[in-house]
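**Q** Predicted model and sequence follow; I will ask about them next.
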Amino acid sequence: MKFKLTLHEILKTIQVIETKSSWKLDELIQKLNFSKDHLIYILTLISDIYTIDGNLFFDYELDLENNILNFEFSEEATYINILNDAELLNLFILMSFDKNYKKLVIEDFNIQKFYEKLNNIFKQFDLGNLELNNLQNINFDNSTYIEYIKQGSTERNIYNIKPQVLKTNNDGIILEAYDILDKREKTFLVNRILNVYEKVDGEIKYRNNSKNFILEFKSKNQMVLDYLDNEYVIKKGNNFKFNFYSKNNALEFCLKFIKDIEILSPKEIIDEINYRKIKLIESLTHELN
Amino acid sequence: MKNVFKRAIELISLFNSDALVSTDFIKDNIKDYRSLSEQSFRRAFERDKSLLKSFGINLIYENDKWSNEKGYSISGNYVYKELLKDDSIELSTFFNTYLYLKKLYFFENNKFFVLENISQLLKSINEKRRIAFDYHGVYKKVKPVGIRLFNNIWYLAAFEDKKLKTFIIKNISNLKIGNKQNLFSQYDKKSKFSWEDKNTDIYLEINLPTYLYEINKHLFHGGKILSTNIQDINLSIKTNDFLGLYKFLMLVSGSYRVLNIKNEKYFKEFLNEI
């Protein structure tokens, strides 16, 4: 049987096991959250590694009668550590801002101690205006409904989705999910999710009214190109073309980099930005009356 | 993939002390590398380094001109090393707590905010060491004092020639940490960033739909809710983050109403320039 493994799973297994030399099989399975076959597969892989002295990095023996695993590990195995700084910083951020984690910090003594230690180490970190309000409402076990506003838009829409994984891109935390109605994978910016519902009244209508939108612009700022997926940017000197998912996406991009790009075409987006700017200046002058 | 994982573990286990590990030592002691030509070894090693990096483990080449030693060191576990020094911590409890907390969400690669050079920056700030790096092609030597996350971008506050400056961490490359600890005194206050030094704040009170504020509020700083209901919100804004405010007002265009405004001169100047 083949398993899809990650390095993290392997490192985690090593670090959990090395806390004691003998484990009840069920206890270890529960602790690691793997199936028995998955665990045995990882153990077989690890026990095939040798140290530079030619010793086994890690060895194990399964006592079938009592369902007990006995381990012997080399000194090198004790250097394995998955508590890396990047992960701990992310946990610290969640514990500082996420409702569920914050509750745990108050309620659980060990979690409180864990947070205090991290807080002391990351004391010179300022997380400013970060908000993770919508994260805790996302249910990864079932399909769910989200009320969402697309980038560059002010219009609210309901999506029926099956959440898959949280990631980050240049815009922030994104939720990758399967759109049940549209039958394809989509990404949603977490800070643009207004509400999460288990059920909604009435039927959701299929909507795919966005058209691709080609924007031509000039820029000398590498950050602008880093923001876009470089593979799909058509370059001609300092002039670039990029095919956005919709006009709203292009508009959001233009406003985000307003100081770093010169928009060349299409005219409708230049006009839209100019119109909004005139309205903004007017609002600062006249609306007080 | 199985062999790649095995090699990654073999690589980590070579770094069992603080001594630097030479490229030749790595090649000689990893079975899969030994039979490879120099070029193939380099390629395989770079791939394995990238895999480890994606899990927060960095192999960094140290080439200090003041030292005879050259080679790789492992970085990425500054916090763990600090915890090991702390007698008040029961490491197995700490680790179990970590495993428990990790189960709550499904994050790709187990993290969502990526901060480049995190271990070196953390170490240099906490141990008050000087750092040097390339920034937009210019070599900088600074005393780091703090880090801030704003609008999904990490910033470093650091003294350069006694002047506090702000650097975008993503644009920092070839970062090196100085050998000496406690080079400067503790900077107690949360670091002031360059945009906070000015005294040109606009004061604005606006009314807009609550949901539009909620999804766009991260674009600027200095907003304060005056009153709110389900439908709309009254907001006071005191800021000199003009670019952020501009983006915010442009994106909610047509949906807000200005209730009060003071000291708008500098913001209007900014609008004329943009």
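**A** Received the coordinates, thanks. What you are looking at is a predicted structure, and each value in this text was computed from that prediction instead of being measured.

**Q** how about the strands of the stretch 1-150 of chain B, start to end?
**A** B:58-63, B:70-75, B:131-135, B:138-150 (DSSP state E, counting those that start in this stretch).

**Q** could you check whether the first one is close to chain A?
**A** No: in terms of C-beta under 8 Å from any C-beta of the partner chain, no part of strand B:58-63 sits within range of chain A; the closest distance is 9.1 Å. C-beta here means a position set from N, CA and C on the backbone, and glycine is covered the same way.

**Q** what sits up against that strand?
**A** Outside strand B:58-63, the residues that touch it by C-beta atoms under 8 Å, 6 or more residues apart in numbering or on different chains are B:11, B:15, B:20, B:49, B:52-53, B:69-76, B:119.

**Q** try it again with 7 Å
**A** B:20, B:49, B:52, B:70-76, B:119 (C-beta atoms under 7 Å, 6 or more residues apart in numbering or on different chains).

**Q** returning to what we had before: just send the strands of the stretch 1-150 of chain B back as CSV, with mean neighbour count and mean pLDDT too.
**A** Converted to CSV, these look like this (neighbours: other C-beta atoms under 10 Å in any protein chain shown; pLDDT from 0 to 100):
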stretch, mean neighbour count, mean pLDDT
strand B:58-63, 17, 82
strand B:70-75, 18, 85
strand B:131-135, 18, 93
strand B:138-150, 18, 90
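
**Q** CSV please, covering these and showing distance to residue B:179.
**A** Output for the strands of the stretch 1-150 of chain B, formatted as CSV (distance: least, C-beta to C-beta, whole Å):
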stretch, distance to residue B:179
strand B:58-63, 11
strand B:70-75, 13
strand B:131-135, 11
strand B:138-150, 13
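
**Q** So which of these is nearest residue A:283?
**A** For residue A:283, the closest of the strands of the stretch 1-150 of chain B is strand B:138-150, at 25.7 Å, according to C-beta to C-beta.

**Q** List the buried residues in the helix or strand that that closest one is followed by.
**A** Downstream of strand B:138-150, the next assigned helix or strand under DSSP states H and E is strand B:153-160. Buried positions in strand B:153-160, judged by neighbour count with 16 or more other C-beta atoms under 10 Å in any protein chain shown: B:154-159.

**Q** again with stretch A:248-263
**A** A:248-258, A:261, A:263.

**Q** Next, please give the residue ranges for the helices of chain A.
**A** Taking DSSP state H as the test, the helices found in chain A are A:7-17, A:25-32, A:36-46, A:85-97, A:99-107, A:109-121, A:222-227, A:247-256, A:267-285.

**Q** quick one: contacts of stretch B:217-237?
**A** A:128-129, A:191, B:151, B:204-210, B:213, B:238-239, B:241, B:244-245, B:247-248, B:259.

**Q** for stretch B:1-17, that is, sorry about that
**A** Stretch B:1-17 is contacted from outside by A:5, A:7, A:10, A:45, A:48-49, A:51-52, A:57, A:76, A:79-80, B:21, B:26, B:29-30, B:32, B:48, B:51-52, B:57, B:74, using C-beta under 7 Å, 6+ apart.

**Q** which stretch among the strands of the stretch 1-150 of chain B comes nearest residue A:273?
**A** Here strand B:138-150 is closest among the strands of the stretch 1-150 of chain B (C-beta to C-beta), at 24.1 Å.

**Q** List the strands paired with that closest one, with their directions.
**A** Note on strand B:138-150: by DSSP bridges, its sheet partners are strand A:125-126 (parallel), strand B:131-135 (antiparallel), strand B:153-160 (antiparallel).

**Q** what helices or strands is the longest helix that chain B contains leaning on?
**A** Secondary structure of chain B per DSSP H: the longest helix is helix B:38-54. Counting contacts by 3 or more C-beta pairs under 7 Å, 6 or more residues apart in numbering or on different chains; DSSP states H and E, helix B:38-54 is packed against helix B:2-14, helix B:31-34.

**Q** nearest to residue A:139, of these?
**A** Judging the helices and strands packed on helix B:38-54 by C-beta to C-beta, what sits closest to residue A:139 is helix B:2-14, at 31.8 Å.

**Q** For residue A:265, which non-adjacent residue is closest in space?
**A** Distances taken as C-beta to C-beta, 6 or more residues apart in numbering or on different chains place residue A:216 nearest to residue A:265, at 4.4 Å, with adjacent residues excluded.

**Q** where does that neighbour land on pLDDT?
**A** The model reports residue A:216 with a pLDDT of 95.

**Q** can you list the domains in chain A?
**A** Using automatic domain parsing, the domain ranges for chain A come out as A:7-79, A:85-121, A:135-197, A:213-285.

**Q** before we move on, could you check phi and psi at residue B:176?
**A** Dihedral angles of residue B:176 (phi, psi; degrees, to the nearest 10) stand at phi -130, psi 140.

**Q** In contact with the closest residue to it other than its chain neighbours, which residues?
**A** Spatial nearest neighbour of residue B:176, chain neighbours left out: residue B:132 (5.0 Å); criterion: C-beta to C-beta, 6+ apart. Listed by C-beta under 7 Å, 6+ apart, the contact set of residue B:132 reads B:139-141, B:176.

**Q** Any figure for the gap between residue B:132 and residue B:173?
**A** 11 Å (C-beta to C-beta, to the nearest Å).

**Q** where does the stretch 101-250 of chain B have low pLDDT?
**A** For the stretch 101-250 of chain B, applying pLDDT under 70 flags the ranges B:105-112, B:151, B:185-199.

**Q** the helices in it, which residues?
**A** Shown for the stretch 101-250 of chain B, the helices assigned by DSSP state H, counting those that start in this stretch span residues B:118-126, B:210-216, B:242-251.

**Q** and the angle for the longest helix of chain B with helix A:85-97?
**A** 20 degrees (axes from the mean of the first three to the mean of the last three C-alpha atoms, to 10 degrees).

**Q** For helix B:38-54, which residues meet the burial criterion?
**A** By 16+ other C-beta under 10 Å, the buried positions in helix B:38-54 come out as B:41, B:44-45, B:48-49, B:51-52.

**Q** middle-most residue in chain B, spatially?
**A** Among the residues of chain B, the smallest C-alpha distance to the mean C-alpha position (C-alpha atoms, centre = their mean) belongs to residue B:115, namely 3.3 Å.

**Q** Just say which of the helices and strands packed on helix B:38-54 is most tucked in.
**A** Comparing these on average neighbours per residue, with mean count of other C-beta atoms under 10 Å in any protein chain shown, the densest one is helix B:2-14 at a mean of 19.
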